[in-house]
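*Asks:* Starting from these lines, generate the structure:
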Amino acid sequence: MFLAANGCRETELAKTVTQLLFGDESAYIRFDMSEFSAEHADQRLIGAPPGYVGYDSVVN
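*Replies:* Next comes the predicted model:
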């Protein structure tokens, strides 16, 4: 994770590191963390807990 002020090219740094580590810039994944501000928002990444509707579903 890179933290910096807007416009400091941290995204380009992350893409370059991804290219060096994986040999493919398309392996870079960016998350808009404003979508994960609610208490239950982690379920968007890891899926529903046991007992909830959609527990057996694949996370998109």
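*Asks:* alpha carbons only for contacts and neighbour counts from here, please
*Replies:* Noted.
*Asks:* Pull out the buried positions in the helix or strand bottoming out on mean pLDDT in the chain.
*Replies:* Ranking every helix and strand in the chain by mean pLDDT, DSSP states H and E puts helix 43-46 at the bottom, with a mean of 80. The neighbour-count check on helix 43-46 (16 or more other CA atoms under 10 Å) flags nothing as buried.
*Asks:* for this protein, what are the low-confidence residue spans?
*Replies:* 54, 57-60 (pLDDT under 70).
*Asks:* For P50, which residues are in contact?
*Replies:* Residues near P50 by CA atoms under 8 Å, 6 or more residues apart in numbering: none.
*Asks:* ok, it to M33 distance?
*Replies:* In this view, P50 and M33 are 25 Å apart by CA to CA, to the nearest Å.
*Asks:* same question, I46
*Replies:* 15 Å.
*Asks:* Other residues contacting the longest helix seen in the chain?
*Replies:* Identified as the longest helix of the chain according to DSSP state H is helix 10-22. Applying CA under 8 Å, 6+ apart, the external contacts of helix 10-22 come out as 2-4, 24-25, 27-28.
*Asks:* what about 10 Å?
*Replies:* 1-4, 23-30 (CA atoms under 10 Å, 6 or more residues apart in numbering).
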